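S.K.: Could you work out the structure for the sequence below:
(one chain, ligands or ions: 1)
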Amino acid sequence: WANPKCDGVLPPGSMGLPFIGETTQFFSPHSLYDIPPFISKRTRRYGAVFRTSLVGQKVVVSTDPVINYEIFQQENKSFLLWYTQSFLEIFGQQSLVTQHGMVHKYLKNLILQLVSPENLKGKLLPVMDKATRKHLNSWASLGRIDVKEGSSKMIFEYFAKKLIGYDENMDPNRKLRDSFQAFMDGLISFPLNIPGTAYHACLQGRKKAYKVIKDIFEKRKASKGHHNDFLEYLLNEVEREDTFLTEQIAKDLVFVLLFASHETISAATTLAVKFIADHHQVLEELTKEHEAIIKSRGHENSELTWQEYKSMTFTHMVINETVRLANIVPGIFRKVVKDVEIKGYTIPAGWLVMVVPASVHLSPNKYESPLQFNPWRWEGQELHAGSKSFMAFGGGIRLCVGADFAKLQMAIFIHYMVTRYRWTVMKGGDIVRRPGLIFPNGLHIKISGRQEWRSRSFESRLKKQTTDATGAFN
Ligand code: HEM
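M.R.: Next comes the predicted model:
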């Protein structure tokens, strides 16, 4: 166990206990701002590349930016995308993440029918704009909201509708979104299907959500009308003769997209709100940028345009800085297809390599004062692609297909938050990594409409003047 076979020299490290390996240490919770202690301890001891064993797998961890970049570029050659057993059971054996080569390319193009920049600009932007306004207005009417829960609901609501015509409000018993709640903990876990484990909770959620999706597919196939959603497109595609798409792949695709969309963007949005609230200068600069956009419009109330979105340079810097610090995806795994040489070491075929974005994003060798939230560090930098020092959305051919969608939603949200509302953090905001990102007590803000604030302050000024005047009269 401790000295696995290898035709060469393995990287240094420890394989831990038989079967369990070093899994327990890997899962020990830590704070948002740390390189996972599991990683930092071992890099200090063994260097930038070391071996270990996690969830029953032999793993080489790379914290070296150049090697990480190379791993992304070598996809389908020396390395293949790999997800944990728990991940595959949960997301489906036919889902996009299990596909390679032509089928992967085909499925990625299918998703781009929904979230490519072209389609975001032409089709999704108005939907996202309307949904964001509606939800922020309802938050302001309530006067308070947990941003994590609220943004998750908002994204799920419009995206599930666009994807499969699902309307949670019309279907209160099924609560598709609730089925995804237990997922973050279970995705990277031991595949122990015993009640009480994170994995078990996740599988139960998968079962429930999948049943809803299956029923929607069946109902739709039996219906004759037009629906103008992604499901209609998928079902037409399944009917074609020259296609890779089967109904099973289509269902797993819908499942992955439903989860990936609302969980990731709501986490990034919540973090952005937290960072902005903690950094007044950032809020001021954002307000300046967005007020200028409104001023240069004909009508203050018109919806956000693509050109306006593209002009939000500082907002894009804030988004990049948020996802750099947040490291929403804690580890990116690849399976080694054939023995590879790295830094004089051999990684045998069948092993995994794990790229840890935090080890690059929080490294003082790559970023000055890396633990500081400083959007200005992105001034003049490339903001829209992966690189050796920025891999929040991965890299190479597996680069996140939803990155543009996520950034657009965050930018719309920021636009309305800084121009139309007054808000302050009330409670929550704790963030734990296990190693997935968890918000144990949400992020609760107090929020009110600016207009309402203005008229309220106008009214109170008026009242004060009247009282003063009355006092003087008396
Ligand atoms: C802030 C938000 C997001 C972050 C930080 C993020 C991060 C990532 C990362 C790091 C990968 C690469 C994984 C790997 O190489 O193994 C990835 C892949 C992926 N993401 Fe995202 N993502 C986000 C939003 C989204 C959204 C909104 C969607 C849905 C439309 C999405 C769908 C996907 C899919 C389907 C893949 C797999 C791509 C493939 O295998 O080719 N992501 N994401």
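S.K.: The stretch 351-474 of the chain against the ligand: which residues are in contact?
M.R.: The stretch 351-474 of the chain comes close to the ligand at residues 392-394, 398, 400-402, 405-406, as judged by Cβ under 6 Å from any ligand atom. C-beta coordinates here come from the backbone N, C-alpha and C atoms, glycine included.
S.K.: Distance to Gly205 for those - can I get that in a markdown table?
M.R.: A markdown table is the format used below for those (distance: Cβ to Cβ, whole Å):
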| residue | distance to Gly205 |
| --- | --- |
| Ala392 | 26 |
| Phe393 | 25 |
| Gly394 | 25 |
| Arg398 | 25 |
| Cys400 | 23 |
| Val401 | 23 |
| Gly402 | 20 |
| Phe405 | 23 |
| Ala406 | 22 |
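S.K.: okay, those in a markdown table with neighbour count next?
M.R.: Converted to a markdown table, those look like this (neighbours: other Cβ atoms under 10 Å):
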| residue | neighbour count |
| --- | --- |
| Ala392 | 23 |
| Phe393 | 22 |
| Gly394 | 19 |
| Arg398 | 22 |
| Cys400 | 17 |
| Val401 | 21 |
| Gly402 | 18 |
| Phe405 | 25 |
| Ala406 | 24 |
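S.K.: mind listing the strands for this structure?
M.R.: Assigned by DSSP state E, the strands in the chain fall at 30-31, 49-54, 57-62, 79-81, 144-146, 332-336, 340-342, 345-347, 352-355, 421-428, 432-433, 437-438, 443-449.
S.K.: Show me the least confident stretch of those, going by mean pLDDT.
M.R.: For the strands of the chain, mean pLDDT drops lowest on strand 79-81, to a mean of 79.
S.K.: for it, packing partners?
M.R.: strand 332-336 (3 or more Cβ pairs under 8 Å, 6 or more residues apart in numbering; DSSP states H and E).
S.K.: again, only using 10 Å
M.R.: With contacts defined as 3 or more Cβ pairs under 10 Å, 6 or more residues apart in numbering; DSSP states H and E, strand 79-81 has these neighbours: helix 65-73, strand 332-336, strand 352-355.
S.K.: ok, residues contacting the first one?
M.R.: Yep, that's helix 65-73 we're talking about. Here helix 65-73 makes contact (Cβ atoms under 10 Å, 6 or more residues apart in numbering) with 48-49, 60, 62, 64, 78-79, 332, 334, 336, 340, 342-343, 353-357, 359-361, 363, 365-366, 386-391, 394-399.
S.K.: please redo it, this time with the cut-off set to 7 Å
M.R.: Defining contact as Cβ atoms under 7 Å, 6 or more residues apart in numbering, one finds that helix 65-73 is touched by 49, 62, 79, 334, 342, 353, 355, 360, 366, 388-389, 391, 394-396.
S.K.: Check the shortest one too.
M.R.: Under the criterion Cβ under 7 Å, 6+ apart, residues 57-62, 68, 71, 79, 82, 331-336, 347 lie in contact with strand 352-355.
S.K.: can you pull the contacts of the one residue in the chain that gets nearest to the ligand?
M.R.: Minimum separation of the chain from the ligand (Cβ to the nearest ligand atom) falls at Gly402, amounting to 2.2 Å. Going by Cβ under 7 Å, 6+ apart, Gly402 touches 115, 260-261.
S.K.: Also near the ligand: which of the contacts of strand 352-355, exactly?
M.R.: Contacts with the ligand within the contacts of strand 352-355, counted by Cβ under 6 Å from any ligand atom: Ile332.
S.K.: Give me the pLDDT value at the nearest residue to Lys5 once chain neighbours are set aside.
M.R.: Spatial nearest neighbour of Lys5, chain neighbours left out: Pro348 (7.2 Å); criterion: Cβ to Cβ, 6 or more residues apart in numbering. According to the prediction, Pro348 has pLDDT 95.
S.K.: what about Pro348, neighbour count?
M.R.: Burial measure for Pro348: 17 neighbouring residues, criterion other Cβ atoms under 10 Å.
S.K.: And Ala222, by the same measure?
M.R.: Residues lying near Ala222 (other Cβ under 10 Å) number 7.
S.K.: cool, the one 4 residues further on as well?
M.R.: By the other Cβ under 10 Å criterion, the neighbourhood of His226 contains 7 residues.
S.K.: still on that earlier bit, possible to save the strands of the chain as JSON lines with mean neighbour count?
M.R.: Shown next, in JSON lines, are the strands of the chain (neighbours: other Cβ under 10 Å):
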{"stretch": "strand 30-31", "mean neighbour count": "14"}
{"stretch": "strand 49-54", "mean neighbour count": "23"}
{"stretch": "strand 57-62", "mean neighbour count": "23"}
{"stretch": "strand 79-81", "mean neighbour count": "20"}
{"stretch": "strand 144-146", "mean neighbour count": "19"}
{"stretch": "strand 332-336", "mean neighbour count": "20"}
{"stretch": "strand 340-342", "mean neighbour count": "17"}
{"stretch": "strand 345-347", "mean neighbour count": "21"}
{"stretch": "strand 352-355", "mean neighbour count": "23"}
{"stretch": "strand 421-428", "mean neighbour count": "16"}
{"stretch": "strand 432-433", "mean neighbour count": "17"}
{"stretch": "strand 437-438", "mean neighbour count": "18"}
{"stretch": "strand 443-449", "mean neighbour count": "20"}
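S.K.: Nearest to Pro12 among these would be which one?
M.R.: Comparing the strands of the chain against Pro12 with Cβ to Cβ, the closest turns out to be strand 49-54 (5.8 Å).
S.K.: Dump that closest one to PDB, keeping only the CA atoms.
M.R.: The C-alpha coordinates for strand 49-54 follow below in PDB (Å, rounded to 0.1, in the frame of the first residue of the first chain):
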ATOM      1  CA  VAL A  49       4.000  17.600  -6.600                       C
ATOM      2  CA  PHE A  50       3.200  14.900  -4.200                       C
ATOM      3  CA  ARG A  51       1.400  11.600  -4.000                       C
ATOM      4  CA  THR A  52      -1.500  10.600  -1.700                       C
ATOM      5  CA  SER A  53      -4.600   8.400  -1.600                       C
ATOM      6  CA  LEU A  54      -8.100   9.900  -1.500                       C
END
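S.K.: Alright, that wraps it up for me.
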